[in-house]
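S.K.: A predicted structure for the sequence below; I have some questions about it.
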Amino acid sequence: MSASCFDLPPDTGFGPENLPYGVFSTEPGGRRRVGVALGDWVIDLSRLDVPAVDALAAPSLNPLMARGPRTWAALRARLERLVCDPEICDAVGAHLIPLDRVTLHLPFEVADYVDFYSSQHHAENLGRMFRPDSAALTPNWKHLPIGYHGRAGTVAVSGTPVIRPSGQRQPAGGGPVFGPSQRLDLEAEVGFVVGVGSQQGTPVRVGDFAAHVFGVCLVNDWSARDLQSWEYVPLGPFLGKSFLTSVSPWVVPLDALGSARLTPPARDPQPLPYLRDDAEPWGLDLTLEVRLNGELLSCPPFREMYWTPAQQLAHLTVNGASLRTGDLFASGTVSGARRDQRGSLIELSWGGTEPIRLADGTTRTFLEDGDVVTLTASAPGPDGTRIGFGEVTGAVRSAP
Ligand code: MN
């Protein structure tokens, strides 16, 4: 990869080796179209002479995502030349808009949304808290990537206010009560966006991951722990999660993550054949950062996830369920072995029993009204560069 023609901030995660896609507009109610982030700019792709340009004037990435990997690769190759080749990069210069002058929108129309539970550290931490008298992991955990179907219609872009949900909770020693959640939490996750759908009845194999998945975003799976713990038996998460799921405005193409791929952790026992890694497994060396009101709380390591996104996709379709353009599946909370690698407040405060002390002298167990949570991430790029994922942020508002 050559250097960009344009002056980029030295520490930008949006260099020419990344080129993440988003949807933007330049005035309130204005036309939404597809752009690519480069440094502190967005490139208005709908104005360029590039492959699939007819899909780039759309108000979402779905038409581009539906075209498939050959179109994605052709467009990406053309964009790399346009931002790096001094002979032709003037064509881009006229269509750079400062990021601080655009509004970023939900980048894709979410078809179905699934959330997994694939960090062993996270699953063991929650198992120890909720089921102290049983094994930390349930008997199925190492045999299949556990997940649940979430609510696609409440997936929203970064910056969407987090209105504190109300619902039923069960205080110790009393009957259920109704009211605003008192244990509102964050979950730092990584999301995978499906571009190419699949036929009903035909599972997607582990090795076909890149033929279907377009790119990667950040996800905050906001969770009301008190609602969740009362409602989740026996069918799993419901209203404790469905009020809002936030995603980052940028989708990093899989092709930008070649230098981030690595071997996932060893699995013991060996999973069933349909879940076995192929020759090039999809472990990814992303490091997340969780901030509360600007203060760094933890750095969850995605490389330690037990199940890869390719295994998750294979499991999600092994019963014959079909995929659609715009399907989103998220990794589950990313937590590492260390305390400063935990991806949720319920782990960081150990169920609320160990308050977190903040730099301003206050403490937190769960989120308070006015709190701002920001997730960021980066991964290694080629030649010592970094691939940035932008951020997903949200401010908590009081229950209405
Ligand atoms: Mn989750």
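M.R.: Done, it's in. Numbers count the residues shown, from 1 in each chain.
S.K.: who touches residue 43 in this structure?
M.R.: With contact taken as C-beta atoms under 8 Å, 6 or more residues apart in numbering, residue 43 is in contact with 35-37, 79, 83, 92, 95-97. For glycine as for every other residue, the C-beta is placed from the backbone atoms N, C-alpha and C.
S.K.: Please repeat the previous calculation with a cut-off of 7 Å.
M.R.: Residue 43 is in contact with 35-36, 92, 95-96, counting by C-beta atoms under 7 Å, 6 or more residues apart in numbering.
S.K.: Same check on residue 73?
M.R.: Neighbours of residue 73 in contact, by C-beta under 7 Å, 6+ apart: residue 255.
S.K.: cool, and residue 393?
M.R.: 158-159, 372-374.
S.K.: Make TSV from these and add neighbour count and distance to the ion to it.
M.R.: Supplementary listing: the contacts of residue 393 in TSV, determined by neighbours: other C-beta atoms under 10 Å; distance: C-beta to the ion, whole Å:
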residue	neighbour count	distance to the ion
158	21	17
159	14	20
372	14	20
373	24	14
374	20	17
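S.K.: Report the residue ranges of every domain in this protein.
M.R.: Following automatic domain parsing, one gets these domains for the chain: 21-105, 113-397.
S.K.: Make CSV out of the ones you listed and add distance to residue 12 and mean pLDDT.
M.R.: As requested, the domains of the chain are exported to CSV (distance: least, C-beta to C-beta, whole Å; pLDDT from 0 to 100):
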stretch, distance to residue 12, mean pLDDT
domain 21-105, 5, 96
domain 113-397, 7, 97
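S.K.: Those into CSV, with extra columns for distance to residue 8?
M.R.: Listed next are the domains of the chain as CSV, based on distance: least, C-beta to C-beta, whole Å:
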stretch, distance to residue 8
domain 21-105, 4
domain 113-397, 11
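S.K.: Of all these, which one is nearest residue 15?
M.R.: Nearest to residue 15, of all the domains of the chain, is domain 113-397, at 5.5 Å by C-beta to C-beta.
S.K.: Quick one: end-to-end length of the closest one, please.
M.R.: Start and end residues of domain 113-397 are separated by 24 Å (C-alpha to C-alpha, to the nearest Å).
S.K.: residues contacting the closest residue to residue 371 other than its chain neighbours?
M.R.: Excluding its sequence neighbours, the residue lying closest to residue 371 (C-beta to C-beta, 6 or more residues apart in numbering) is residue 396, at 4.8 Å. Under the criterion of C-beta under 7 Å, 6+ apart, the neighbours of residue 396 are 162, 164, 184, 367-371.
S.K.: Over to residue 396. Which of the three states is it?
M.R.: Of the three states, residue 396 takes strand according to DSSP: H, G, I helix; E, B strand; the rest coil.
S.K.: Run through the bridge partners of it.
M.R.: Residue 396 has these beta-bridge partners by DSSP bridges: residue 162.
S.K.: Could you tell me how far it is located from the ion?
M.R.: 17 Å (C-beta to the ion, to the nearest Å).
S.K.: Now do the residue nearest to residue 305 when sequence neighbours are not counted against residue 220, distance only.
M.R.: Leaving aside its chain neighbours, residue 305 sits nearest to residue 118 (5.1 Å; criterion: C-beta to C-beta, 6+ apart). Distance, residue 118 to residue 220, by C-beta to C-beta, to the nearest Å: 17 Å.
S.K.: mind putting the contacts of residue 43 in a markdown table, distance to residue 266 and neighbour count included?
M.R.: Shown next, in a markdown table, are the contacts of residue 43 (distance: C-beta to C-beta, whole Å; neighbours: other C-beta atoms under 10 Å):
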| residue | distance to residue 266 | neighbour count |
| --- | --- | --- |
| 35 | 41 | 30 |
| 36 | 37 | 26 |
| 92 | 45 | 26 |
| 95 | 48 | 16 |
| 96 | 46 | 17 |
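S.K.: Among those, which ones are in strands?
M.R.: Filtering the contacts of residue 43 for membership in strands, criterion DSSP state E, returns 35-36, 96.
S.K.: restrict those residues to those near the ion?
M.R.: Of the residues in these, proximity to the ion by C-beta under 5 Å from the ion holds for none.
S.K.: Return the residues of the stretch 101-250 of the chain in contact with the ion.
M.R.: Close to the ion, as judged by C-beta under 5 Å from the ion, the stretch 101-250 of the chain has residues 115, 187, 221.
S.K.: hang on, the first one is in a helix, isn't it?
M.R.: No: assessed with three-state DSSP, residue 115 is strand; it does not lie in a helix.
S.K.: who are the neighbours in contact with it?
M.R.: Contact analysis of residue 115 by C-beta under 7 Å, 6+ apart lists 147-148, 150, 221, 330, 332.
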